[in-house]
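Student: 3D model of this:
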Amino acid sequence: MATSPHHILALVALLLFASCRQPEPMLHTGDLLFVMGKGAMDQAIRQATGDVTHVAIVVSQGDSCWIYDATPRYGVRRVSHTTFLAQQESTDTIVVAMRPVAPFSSRHLLSFLRQALGTPYDSAFVEGNSRYYCSELVKYAFVDPDNKTPLFPSKPMNWRDRDGHLPQYWKEWFGRIHEPIPEGFPGTNPNDLFSSPILQPVE
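Tutor: Numbers count the residues shown, from 1 in each chain. A predicted model of the protein is given here:
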């Protein structure tokens, strides 16, 4: 999916000044906010997968708009839409809103996010350990309403840059937690999700 820089910036401008209930753009439960961050971890992610480095889930409830995501500092958290965007704006970070065009179970989404709230961050990036990194949270939140399979399937993970080198950041990260680098393990990343054919820009 190709998204021009001008299109991205237009979406960001709209997002920074709009709430869930305003007509342009109106964010719905299940919308995804994709972040192109600039921190050290973002740079390491970008080297291995692409420009999109974080993803969060929108939940709209009445007059309130909440954002659920998983971060190394907070684990799975819930913050207001305004707080989330202010945090990104403070670092001059690009945020793009995308919407699933495939059906998904809203009941499962809400139930899963309530149960996952407060769960520690999945620092080992291994599926099935009851912890979540950002795109892993998305994978388990979105399931087909009929067969309950994930809308965003796992793929073999890559941690190396285009030259096949492992960034020093990841060597230090996995060294600190005494876990092997899950090269080739099943997983997800924000950039792959952003490119999914079942998503379209929120306009």
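Student: and Pro100, how many residues sit next to it?
Tutor: 17 (other Cβ atoms under 10 Å). (Glycine included, C-beta is placed from N, CA and C.)
Student: The one 5 residues further on too?
Tutor: Here the number of neighbours of Ser105 (other Cβ under 10 Å) works out to 18.
Student: gap between it and Pro120?
Tutor: 25 Å (Cβ to Cβ, to the nearest Å).
Student: tell me which element Gln115 falls in.
Tutor: helix 106-116 (DSSP states H and E).
Student: Which strands and helices lie in contact with the very next helix or strand once past that helix?
Tutor: Using DSSP H and E, the next helix or strand after helix 106-116 towards the C-terminus is helix 134-141. Packing partners of helix 134-141 (3 or more Cβ pairs under 8 Å, 6 or more residues apart in numbering; DSSP states H and E): strand 54-61, strand 64-71, helix 106-116, helix 190-194.
Student: Which neighbouring elements make contact with the helix or strand following the shortest one?
Tutor: Toward the C-terminal end, the helix or strand that comes next after helix 190-194 (DSSP H and E) is strand 199-201. The helices and strands touching strand 199-201, judged by 3+ Cβ pairs under 8 Å, 6+ apart, are strand 94-100.
Student: And the strand it packs on, what's buried?
Tutor: By neighbour count on 16 or more other Cβ atoms under 10 Å, the buried set for strand 94-100 is Ile94, Val95, Val96, Ala97, Met98, Arg99, Pro100.
Student: any idea how far the third one lies from Leu193?
Tutor: The reference is to Val96. 12 Å.
Student: Need the overlap of contacts for the two.
Tutor: Residues touching both Val96 and Leu193 by Cβ atoms under 8 Å, 6 or more residues apart in numbering: Phe34, Val52.
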